[in-house]
Structure formats: structure tokens, C-alpha cells
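Participant: below is the sequence, then the predicted model.
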Amino acid sequence: MHIPDNYLSPTTCAVMGAVMVPVWTLAVRHIRKDMAKEKIPMLGIGAAFSFLIMMFNIPVPGGTTVHAVGGTLIAVLLGPWAAAIAVSVALLIQALLFGDGGVLSFGANAFNMAFVIPFLGYFIYKFIKDRSKTRAVENVGLAIGSYLAVNMAAFCAAIEFGLQPLLFRDAAGLPMYCPYPLAVSIPAMLIPHLAVAGIVEAAFTVAIFAFVKRVSPGTIYEGSPTGIKPLYALIVGLVCLSPLGLLASGTAWGEWGVSGIGTAIHDGRALGFVPAGMKNGFGFETLMKDYGVKGQPEIVGYILSAVAGAALLVILFKLLAVVVKRDRRKAKA
């Protein structure tokens with residue numbers, strides 16, 4: 001679901017980025033105004049959860065892969081506005097350091113995974129949960145909310161992909177960016193997410209929420225943070241398990257590199273050409289591309305990438321907590 005650079009036109013990227021600016025602005029205001037400073041480090045834990053769970057690639061029929069996101073989980077734990085920031089920062093780190101998702105397409109990826117998933121998943125969960133106070137109903141709300149939200153995000157990505165050949169063609173009539181129309185992109189994105197990714201997302205959300213509720217119930221949305229250490233232990237556990245993401249062969253649909261899209265097989269045949277906008281598009285070299293470290297075995301590089309990404313996210317939000325605390329002191333003074 002991470003849209004690489006040059007799959008979307010610069011115009012599309014600009015529009016999606018513009019759509020996200022007010023979302024980020026409102027989210028930051030909510031955090032600075034309403035979130036207890038003691039809970040701001042929880043944003044780092046949530047962002048690290050999302051970052052790590054997205055490293056677990058899951059194979060699906062057809063030779064592609066999918067992954068969970070964790071956006072509904074973070075929204076239920078910290079609120080949808082906080083989740084929007086946490087997942088956005090996780091996506092930004094992935095794009096800038098690891099080349100997972102594009103820099104120009106960051107706004108589109110954030111819209112799909114940091115806006116659609118947290119808000120839709122949270123409000124479906126809340127609607128179902130408010131019908132009854134039993135744990136079973138709450139778990140049903142979590143499962144349905146997270147399942148539908150990740151599939152809606154995949155649908156949005158499919159629309160963004162599929163609109164490109166309709167809107168942007170060269171003088172010869174060939175697509176300049178993503179070459180697959182809506183009739184191809186929608187089933188290609190939705191079928192594996194409906195069949196696999198949504199189920200994994202729901203199972204992950206219910207399981208981790210149950211764990212958090214047991215070891216640190218005060219961290220859930222309006223509560224006061226208590227017992228955060230087990231959550232750090234969970235992050236360490238996910239880091240150690242991260243090489244499991246290497247077991248899935250193939251590439252997620254729509255995430256091929258420039259050299260790969262011309263030979264990517266769809267419906268038994270290769271595309272046969274590289275769109276001009278992709279061939280001559282924006283390039284950005286990342287430090288740990290594809291979660292690898294130069295000169296290190298693939299597994300070692302993957303673990304080091306997991307450690308670096310999770311640690312950076314935790315540290316960033318700890319620093320944010322210090323800034324917010326200082327701002328509130330100044331405001332009181």
C-alpha cells in the first residue's frame with residue numbers, strides 16, 4: 001500500500017499533500033492542547049508499533065505481498081488525531097530512510113494510512129462498542145473497524161493508481177505514470193486486502209489491544225499512562241521477529257521499481273514498457289534502502305533497520321513531549 005514515487009503524477013501528489021495539511025494542522029493542535037504531556041511518549045510507541053508491523057510482509061496468491069498498518073489500534077489507544085500524527089511520522093521515516101513509499105507521494109500514503117484508517121476504524125469501533133459495554137462487543141468493533149478501515153485505505157490507493165492512465169498520457173497516448181486503469185487497480189488492491197491483509201489487521205488489532213488493556217489499561221485514550229514498560233518489551237519482541245517479513249517473496253502490487261514495472265506480470269503478461277513519467281521521474285537515494293545495510297546479510301540489515309526506525313520514532317516523540325511541556329509552562333507563566 002506504500003505508493004512509490006513516480007506512480008502518481010506531481011499534480012496528484014500535490015493535491016494529496018494539500019488535503020493532508022489541514023489534517024496534520026488540526027492533529028498537532030489537538031495534541032498540543034488536549035493530550036496530557038505524560039501520554040505524548042505513547043505516540044512514539046504507537047508509531048513504532050505501526051512502523052514494525054508494516055515490516056511484516058505477508059505473501060498472497062499471485063506472487064505479491066500485503067501488510068497490516070495498525071492505524072485503528074493506535075486510534076483506539078490514543079485517539080484518531082494522535083494516530084494520524086503517529087502513523088504519518090512512521091510513514092515519513094519509512095520514505096526518507098528506507099525507501100518504503102515515496103517522498104513526493106508521502107501525502108497520498110498519509111491520506112490512505114494515517115487518515116482513512118485511524119478515523120474510519122475508530123468511528124466504526126466506537127459505533128459498535130457504544131451498542132454494548134461487553135468485552136465481546138468491543139472486540140467485534142475492533143475487528144470490524146480495523147478490517148474495513150484497511151480495506152478502505154487499499155481502495156483509496158487503488159483509485160489513486162487507476163486515475164493516472166485516465167488523466168495523464170504522453171503524445172503517443174501511453175500512460176505517463178501508473179499504467180493500470182481502475183478496472184485493474186481496484187481488484188488488484190482489494191482482493192488480497194479483503195482476503196488476507198484485512199484479517200491480519202483485525203487479528204493484530206484485537207490481540208495487541210487485549211495485551212495493552214491487560215498490562216497498561218491506563219494508556220487507553222482518556223486514561224493516565226501506567227505500566228508502559230511492557231509496551232517497550234512488545235516493541236523489542238516485534239524487532240526480534242521482524243526478519244519474518246523477509247520470508248514473503250515478491251513485491252506488493254504497485255510497488256515495483258522503475259526497472260521492475262516493465263517486466264511485472266499481470267494476468268499472465270508483462271507490461272512491456274516503462275511509462276515516461278516513471279523513467280524520467282523523481283529519484284531519491286535512501287540510507288537503508290529496502291531495510292538493508294550495505295555489507296551486511298539481509299537478516300542483519302532488516303533487524304538493524306527495525307531497531308533504527310523504532311528507536312528514532314520513540315526518541316522523536318519523547319523530544320516532542322519536552323517541547324509541549326515547555327510550551328505549556330510558558331503559557332501558564
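Facilitator: On my side now, so go ahead.
Participant: for residue 200, see how far away residue 208 is.
Facilitator: 12 Å (CB to CB, to the nearest Å). For glycine as for every other residue, the C-beta is placed from the backbone atoms N, C-alpha and C.
Participant: now the strands for the stretch 51-200 of the chain?
Facilitator: Taking DSSP state E, counting those that start in this stretch, the strands of the stretch 51-200 of the chain run over residues 58-60, 64-66.
Participant: now the stretch 201-333 of the chain
Facilitator: 265-266, 269-270.
Participant: those strands: lowest mean pLDDT?
Facilitator: By mean pLDDT, the lowest-scoring of those turns out to be strand 265-266, with a mean of 64.
Participant: quick one, helices of the stretch 101-250 of the chain?
Facilitator: Assigned by DSSP state H, counting those that start in this stretch, the helices in the stretch 101-250 of the chain fall at 106-110, 117-129, 135-167, 182-192, 198-215, 229-241.
Participant: dump those to CSV, plus mean neighbour count.
Facilitator: Compiled in CSV, the helices of the stretch 101-250 of the chain are given as follows (neighbours: other CB atoms under 10 Å):
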stretch, mean neighbour count
helix 106-110, 26
helix 117-129, 23
helix 135-167, 21
helix 182-192, 18
helix 198-215, 19
helix 229-241, 15
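Participant: residue 285: neighbouring residues, count only.
Facilitator: Residues near residue 285, counting by other CB atoms under 10 Å, number 6.
Participant: do you know how far it is from residue 98?
Facilitator: When distance is defined by CB to CB, residue 285 is 12 Å away from residue 98.
Participant: residue 17 too?
Facilitator: In terms of CB to CB, residue 17 sits 20 Å off from residue 98.
Participant: these two: who's more crowded?
Facilitator: Comparing residue 17 with residue 98 by other CB under 10 Å, the one with more neighbours is residue 98, at 21 against 17.
Participant: does that one really touch residue 305, like I thought?
Facilitator: Yes - in this structure, residue 98 is within contact of residue 305 by CB atoms under 8 Å, at 6.1 Å.
Participant: overlap in contacts, these two.
Facilitator: Residues touching both residue 98 and residue 305 by CB atoms under 8 Å, 6 or more residues apart in numbering: 288, 291.
Participant: name the nearest residue to residue 101, ignoring sequence neighbours.
Facilitator: Spatial nearest neighbour of residue 101, chain neighbours left out: residue 2 (3.5 Å); criterion: CB to CB, 6 or more residues apart in numbering.
Participant: counting neighbours, what do you get for that neighbour?
Facilitator: Neighbours around residue 2, by other CB under 10 Å: 23.
Participant: in what helix or strand does it lie?
Facilitator: Here residue 2 sits in a region with no helix or strand, counting by DSSP states H and E.
Participant: how close does it sit to residue 325?
Facilitator: For residue 2, the distance to residue 325 - CB to CB - is 33 Å.
Participant: for residue 232, same thing?
Facilitator: Taken as CB to CB, the span from residue 232 to residue 325 is 21 Å.
Participant: any stretches of the stretch 101-250 of the chain with poor pLDDT?
Facilitator: 218-227 (pLDDT under 70).
Participant: same thing but 50
Facilitator: Along the stretch 101-250 of the chain, the model assigns pLDDT under 50 to no residue.
Participant: tell me which residues touch the residue nearest to residue 101, please.
Facilitator: Per CB under 8 Å, 6+ apart, neighbours of residue 2: 54, 91, 94, 100-102, 109, 252, 255.
Participant: run the last query once more with 7 Å
Facilitator: Counting by CB atoms under 7 Å, 6 or more residues apart in numbering, residue 2 makes contact with 100-101, 109, 255.
Participant: next: residue 99.
Facilitator: 286, 289-290.
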